[in-house]
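> sharing a model prediction with you, sequence too.
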Amino acid sequence: MNKDYISAKEYAAKYNLHPRTVQLWCADGKIEGAYKFGASWAIPDEAPRPEDKRIKNGDWVGYRKRQKKDLPN
């Protein structure tokens, strides 16, 4: 590989992720500049980690627990 690019496995080790997660992010286009050659992904060495868009606070925290509590018996 080029010095400017790293593999999905190296990117995963850099950010403490599972390599399959990185492969899925590349396939979904979440890592800019990543391209596939053969069965491997080439990721720019300076590519930032994608933002985590899961809801971590607010009205949705504990939503399922509140729904179960509000149900009639």
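The structure has been received and is ready for your questions. Numbering: from 1, shown residues only.
> switch to C-alpha atoms for all contacts and neighbour counts from now on
OK.
> tell me where the chain has helices.
8-15, 19-28, 63-70 (DSSP state H).
> for the residue nearest to E32 when sequence neighbours are not counted, list the residues it contacts.
Leaving out its chain neighbours, the residue that sits closest to E32 by Cα to Cα, 6 or more residues apart in numbering is A47, at 6.8 Å. Residues in contact with A47 (Cα atoms under 8 Å, 6 or more residues apart in numbering) are I31, E32, G33.
> mind listing what K9 touches?
K9 makes contacts with P19, V22, as judged by Cα under 8 Å, 6+ apart.
> okay, it: pLDDT?
We have a pLDDT of 96 for K9.
> so that it lines up with my notes, have the first residue be 147 from now on.
With the count now opening at 147, the last piece we talked about shows up as K155.
> that one and L163, how far apart?
Note on K155: its distance to L163, by Cα to Cα, to the nearest Å, is 9 Å.
> now the buried members of the contacts of A193.
I177 (16 or more other Cα atoms under 10 Å).
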